[in-house]
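In: I'll drop the sequence and a predicted model, then ask my questions.
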Amino acid sequence: MSSVNYSTPNTLAIGLGANISSPAGTPTSTLISARPIIEKNINNWINAFLNKKTGESPLKNPKFNFHWSPLYKSKPLGGPKNQPIYINAVLVVKGGAFAQLIPSIDAATNLLQRLCKIEKDFGRNRNSNAVKWGPRSLDLDLLAWGGLQVNNSDIILPHPHLLERNFVLIPLAEAIKTKSDMPIKIPPQEGWKE
């Protein structure tokens with residue numbers, strides 16, 4: 001039996017976005033339709049890698065938590081002018097059996113491949129000569145996974161633009177917050193400009 005260092009969080013964050021219709025409909029309908037598919041794929045992914053690690057049969061009812069942000073709309077950043085607005089969200093996965101899955105390049109790359117397949121099922125073709133930051137029927141980005149740092153031709157973690165994009169940061173903050181650890185804003189203080 002292996003041990004897991006629970007002092008090192010391995011929280012997984014995935015960004016979602018869409019600004020053109022997919023086979024599921026509007027960008028909002030696309031994210032709503034993609035949500036259970038993403039959850040199912042993550043369940044299968046976790047089971048596959050835990051099974052690979054332990055040699056045991058898949059968990060029948062793995063216990064971990066999906067934390068979804070609300071949906072947000074945002075203006076396109078970069079790319080062609082006059083694009084439709086984006087609908088964005090973030091998913092955070094943590095806790096329970098998921099904590100046993102140690103972040104690795106192999107597992108992250110496998111998850112990215114699964115996410116790209118979901119994008120394709122919703123009409124996105126990453127291999128086309130698409131315009132950089134152009135319209136997308138579904139965009140699924142691995143934002144971060146614990147302390148894993150990767151920079152190769154297949155994957156970059158954490159996401160290189162994570163801290164530059166409010167359409168990611170604000171939903172991410174919503175997805176990770178819990179009532180028990182919410183900071184409390186204090187009134188303005190002399191000598192501290194806001």
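Out: Nice, I can see it. Keep in mind that what you see is a predicted model, and the values were worked out from it rather than measured.

In: which parts of the protein are strands?
Out: Assignment of strands within the chain using DSSP state E yields the ranges 12-18, 65-68, 72-74, 86-94, 139-145, 150-151, 156-157.

In: out of the ones you listed, which gets nearest to residue 105?
Out: Proximity to residue 105, assessed across these by CB to CB, is greatest for strand 150-151 (5.4 Å). In this view, the C-beta of every residue, glycine as well, is placed from N, C-alpha and C.

In: pull up the pairing partners for that closest one, direction included.
Out: Strand 150-151 has its sheet partners listed here by DSSP bridges as strand 156-157 (antiparallel).

In: need the contact partners of the strand it pairs with.
Out: 108, 142, 144-145, 148-151 (CB atoms under 8 Å, 6 or more residues apart in numbering).

In: quick revisit: which of the strands of the chain has the highest mean neighbour count?
Out: strand 12-18 (a mean of 25; mean count of other CB atoms under 10 Å).

In: what pairs with that one, and is each one parallel or antiparallel?
Out: Strand 12-18 has these strand partners (DSSP bridges): strand 86-94 (antiparallel), strand 139-145 (antiparallel).

In: with distance to residue 183 added, can I get the ones you listed in TSV?
Out: Shown next, in TSV, are these (distance: least, CB to CB, whole Å):
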stretch	distance to residue 183
strand 86-94	18
strand 139-145	21
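
In: the helix or strand of the chain with the lowest mean pLDDT vs strand 86-94, what angle?
Out: Across the helices and strands of the chain, mean pLDDT, DSSP states H and E gives its lowest value to helix 27-54, namely a mean of 89. On the basis of axes from the mean of the first three to the mean of the last three CA atoms, to 10 degrees, helix 27-54 is oriented at 20 degrees to strand 86-94.

In: list the buried ones in helix 27-54?
Out: Neighbour counts using 16 or more other CB atoms under 10 Å place 27, 30-31, 33-34, 38, 41-43, 45-47, 49-50 of helix 27-54 among the buried residues.

In: for the strands of the chain, give me JSON lines that also has mean pLDDT and distance to residue 123.
Out: Listed next are the strands of the chain as JSON lines, based on pLDDT from 0 to 100; distance: least, CB to CB, whole Å:
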{"stretch": "strand 12-18", "mean pLDDT": "96", "distance to residue 123": "10"}
{"stretch": "strand 65-68", "mean pLDDT": "92", "distance to residue 123": "22"}
{"stretch": "strand 72-74", "mean pLDDT": "96", "distance to residue 123": "20"}
{"stretch": "strand 86-94", "mean pLDDT": "95", "distance to residue 123": "15"}
{"stretch": "strand 139-145", "mean pLDDT": "95", "distance to residue 123": "11"}
{"stretch": "strand 150-151", "mean pLDDT": "94", "distance to residue 123": "28"}
{"stretch": "strand 156-157", "mean pLDDT": "92", "distance to residue 123": "24"}
